[in-house]
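Chemist: Dropping a prediction and its sequence here:
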Amino acid sequence: MTRAALFQMTTGIDPEANAEAIVAAVAEARAGGAAMLFTPEMSGLLDRKRDRAAANIVAEGEDRVLASVREAAASEGVWVHIGSLAVRPDGGDGRYANRAFVIDDKGEIRARYDKMHMFDVDLSTGESWRESNAYAPGDKVVTVETPLGRLGLAICYDVRFPALFEALGREKCDVIATPAAFTVPTGKAHWHLMQRARAVEASAFVLSAAQVGHHEDGRDTYGHSLAIDPWGDILLDMGGEKAGLGFVDLDPARIAEVRAQLPSLANRRAIAK
């Protein structure tokens, strides 16, 4: 068994306060025996007022949240998956990157992943989101070896696109991280369904650290951070009410057991166009 910790957050508009919360969670995760901590999408800043947010979105090397978490990971000897941070990439077209980081227990960055799919939608509630106006999509499938095994990376809206998870399945990931800041209407409709489906498709554990509650910028997020086993069973559901830390023990033998019972990865065939 290997223990993982999921940090369900209500991220605000002050990166310093958000960094302090994550650093405290790293220490708590270590005290609880976790080998690795997972945080949600946009852990460092959640602010839909773009003029105000722009002052806090900087290049990766200047990001205070990233620096603080790297220091905490090294100090506590815990791996950390930052679900994502908004950063200014080098070059590009002026848009930001929604970027995940995997940090090892020495504070070194082992992997980066830029969210591929942008959430552009008008909801029946009157909410309108145009991620692609501010964020450039990534184009690379990313996996990395961690204390939990081979970890595949996705972010939030990516969960609706099976091709990415088919690619992660081909990489034989043991665990897939799907950090999120799901809206309440889409969360109620599809959150549990989509996360369980992705675990079954990849025959892998899925760990989904999520944003929750009412945020300083006025939005509401669904919460329900999840840990799901390769059969689709829910091992942890942190609910939709409050922030906090949850723990789950992962048995790597369960992956082999499920893949033997239902060898969908081995039986998969290319579909001719």
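Modeler: That came through, no problem. Numbers count the residues shown, from 1 in each chain.
Chemist: Can you tell me which residue sits nearest the middle of the chain?
Modeler: Geometric centre of the chain, nearest residue: Pro179, 2.1 Å, by Cα atoms, centre = their mean.
Chemist: Once you drop chain neighbours, what's closest to it?
Modeler: Excluding the flanking residues, the one nearest Pro179 by Cβ to Cβ, 6 or more residues apart in numbering is Gly83, at 2.6 Å. In short, each C-beta sits where N, CA and C put it, glycine included.
Chemist: any idea how far Met194 is from Ala53?
Modeler: 27 Å (Cβ to Cβ, to the nearest Å).
Chemist: Next: Thr2.
Modeler: In terms of Cβ to Cβ, Thr2 sits 25 Å off from Met194.
Chemist: go on, Ala86?
Modeler: Ala86 is 23 Å from Met194, by Cβ to Cβ.
Chemist: Counting neighbours, go ahead and name the busier of the two.
Modeler: Ala86 (25 against 21; other Cβ atoms under 10 Å).
Chemist: Okay, and the more buried one sits in which element?
Modeler: Applying DSSP states H and E as the criterion places Ala86 in strand 79-87.
Chemist: Now do the next helix or strand after that strand: distance to the chain's middle.
Modeler: Moving toward the C-terminus from strand 79-87, the first helix or strand encountered (DSSP H and E) is strand 97-103. Chain-centre distance of strand 97-103: 9 Å, with Cα atoms, centre = their mean, to the nearest Å.
Chemist: Could you tell me which strands strand 97-103 is paired with, and in which direction each runs?
Modeler: strand 79-87 (antiparallel), strand 109-114 (antiparallel) (DSSP bridges).
Chemist: closest one to Val141 among those strands?
Modeler: Nearest to Val141 among these is strand 109-114 (8.5 Å), distances taken as Cβ to Cβ.
Chemist: Identify the residues contacting that closest one?
Modeler: 70, 89, 97-104, 136-140, 142-146, 151, 153-155 (Cβ atoms under 8 Å, 6 or more residues apart in numbering).
Chemist: which of those are buried?
Modeler: Neighbour-count burial (16 or more other Cβ atoms under 10 Å) applied to those gives 70, 89, 97-104, 136, 138, 142-144, 146, 151, 153-155.
Chemist: Which parts of the protein are helices?
Modeler: 15-31, 50-54, 64-76, 131-134, 162-170, 184-202, 252-261, 264-267 (DSSP state H).
Chemist: right, and these - which one's nearest Thr39?
Modeler: Nearest to Thr39, of all these, is helix 15-31, at 5.9 Å by Cβ to Cβ.
Chemist: How far does stretch 252-259 sit from its chain's centre?
Modeler: With Cα atoms, centre = their mean, you get 23 Å for stretch 252-259.
Chemist: So Leu265 sits against Ser203, correct?
Modeler: Yes. Between Leu265 and Ser203 there is a contact under Cβ atoms under 8 Å: 5.8 Å.
Chemist: And these two? Which one has more around it.
Modeler: Neighbour totals were compared for Leu265 and Ser203, and Ser203 leads with 27 against 15 (other Cβ under 10 Å).
Chemist: who are the neighbours in contact with that one?
Modeler: Contact partners of Ser203, counting by Cβ under 8 Å, 6+ apart, are Gly169, Pro230, Ile255, Val258, Arg259, Leu262, Ser264, Leu265.
Chemist: quick check, nearest of these to Ala209?
Modeler: Pro230 (18.7 Å).
Chemist: Leu37 touches Gly83, doesn't it?
Modeler: No. With contacts counted by Cβ under 8 Å, Leu37 stays clear of Gly83, the gap being 10.4 Å.
Chemist: The two: which has the busier surroundings?
Modeler: Neighbour tally, Leu37 and Gly83, criterion other Cβ under 10 Å: the higher count belongs to Gly83, 32 against 29.
Chemist: For that one, give me its contacts.
Modeler: Counting by Cβ under 8 Å, 6+ apart, Gly83 touches Phe38, Thr39, Pro40, Glu41, Met42, Ser43, Ala100, Ile155, Ala177, Pro179, Ala180, Ala209.
Chemist: right, and the second one touches Ala5 too?
Modeler: No. Thr39 is not in contact with Ala5 according to Cβ under 8 Å; the separation is 9.6 Å.
Chemist: That's all I had, so thanks and see you.
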